[in-house]
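> Pasting the sequence and the predicted coordinates here, then a few questions.
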Amino acid sequence: MLAKRIIPCLDVDKGRVVKGKKFQNIRDVADPVELAKRYNEAGADELVFYDITASNEERNIFLDVVEKVASEVTIPFTVGGGIRTVEDIHKVLRSGADKVSINSAAVNNPDLIEEAALKFGSQCIVLSIDAKQNDKNQWEVYTNGGRYNTSMDAIDWAIQGEKLGAGEIVVNVIDTDGEKSGYNLELTKIIAESVNIPIVASGGAGQLEHFSQVLQPGYADAALAASVFHYEEISIPELKKHLADNGIDVRRDLSWK
């Protein structure tokens, strides 16, 4: 069985890491390059960088910031936001990313997943799904940073994304984003059972137990989090020790073995 992964997330706006709740009330946090260096040294398994306003503002991602972050990390590095074409993906990979995360552009043009997977390999293509539950308890897909409801079924979209060639799926639940109340185990499990590619849980981490819950067998393969790491409420070595103590296989650091 593969080790479970811990992935800090850098939500970037205008060159700065920011954080909000439910995609609202965005606040400045830190410099992305400095944070990336910190997480790389702390034992994070991967790093994610989202340019959170690029899609809504219909502009290209800030490649100069991507290049600076990539130059400081030795762990796998995923980049998303404002990516619309195969050429955009090529530019991001050339700037130092190992994987590219697509959301709005994939919904608008599902063929982009297939074209990109064929050109660069499925291992490079991550389908990010921003999901919210409606009053009928159905999970719907949102785009443009949670601003637009597509009315697409999130589970069906995950299944289609795998068929098109996505190598991984990030399940980000809007209602738990930044709330620190725990990941949505229900949706994570449903999607994990519906596809055969790795699932990354996102939105809601607040305590050590939230990670051990969502990384148990049958749920997520990796857990993405932001504010608990940014504000040093949870350290990555502390988290990995907790997971290992609870029987969850993680990449070990000799300092706490």
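Thanks, I have it. Numbering: from 1, shown residues only.
> which stretches of the stretch 151-257 of the chain have low pLDDT?
253-257 (pLDDT under 70).
> which residues of it fall in helices?
154-164, 185-194, 208-214, 227-230, 236-245 (DSSP state H, counting those that start in this stretch).
> Reformat those helices as TSV; add distance to residue 86 and mean neighbour count.
For the C-beta atoms, the positions are set from N, CA and C on the backbone; glycine is no exception. Below are these laid out as TSV (distance: least, CB to CB, whole Å; neighbours: other CB atoms under 10 Å):
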stretch	distance to residue 86	mean neighbour count
helix 154-164	14	19
helix 185-194	26	18
helix 208-214	32	20
helix 227-230	32	21
helix 236-245	34	17
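> Same list, these, but as CSV with distance to residue 134 please.
Shown next, in CSV, are the helices of the stretch 151-257 of the chain (distance: least, CB to CB, whole Å):
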stretch, distance to residue 134
helix 154-164, 11
helix 185-194, 13
helix 208-214, 23
helix 227-230, 26
helix 236-245, 33
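> For this protein, which segments count as strands?
5-13, 16-21, 24-30, 47-51, 77-80, 99-102, 125-133, 139-143, 148-153, 168-173, 199-202, 222-225 (DSSP state E).
> closest to residue 66 out of the helices of the stretch 151-257 of the chain?
Closest to residue 66 of those is helix 227-230 (CB to CB; 18.9 Å).
> Run through the neighbouring helices and strands of the closest one.
Packed against helix 227-230 by the contact rule (3 or more CB pairs under 8 Å, 6 or more residues apart in numbering; DSSP states H and E) you find strand 16-21.
> any idea of the mean pLDDT for the strand it packs on?
Averaged across strand 16-21, pLDDT comes to 67.
> which one of the strands of the chain lies closest to residue 36?
Using CB to CB, the strands of the chain put strand 47-51 closest to residue 36, at 5.9 Å.
> Relative to the closest one, what are the paired strands and their orientations?
Each strand paired with strand 47-51, and its direction, by DSSP bridges: strand 5-13 (parallel), strand 77-80 (parallel).
> a markdown table for these, including mean pLDDT?
A markdown table is the format used below for the strands paired with strand 47-51 (pLDDT from 0 to 100):
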| stretch | mean pLDDT |
| --- | --- |
| strand 5-13 | 91 |
| strand 77-80 | 95 |
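> So which of those strands is nearest residue 240?
strand 5-13 (6.7 Å).
> which residues sit against stretch 165-172?
Here stretch 165-172 makes contact (CB atoms under 8 Å, 6 or more residues apart in numbering) with 48, 99, 101, 113-114, 116-118, 121-131, 154, 158, 161-162, 184, 187-188, 191, 195, 197-203, 220, 224.
> so which of the helices of the stretch 151-257 of the chain gets nearest residue 146?
Among the helices of the stretch 151-257 of the chain, helix 154-164 sits nearest to residue 146 (CB to CB), with 13.0 Å.
> Tell me which other helices or strands the closest one touches.
Right, helix 154-164 is packed against helix 111-120, strand 125-133, strand 139-143, strand 168-173, helix 185-194 by 3+ CB pairs under 8 Å, 6+ apart.
> Nearest to residue 228 among these would be which one?
Here strand 168-173 is closest among the helices and strands packed on helix 154-164 (CB to CB), at 15.4 Å.
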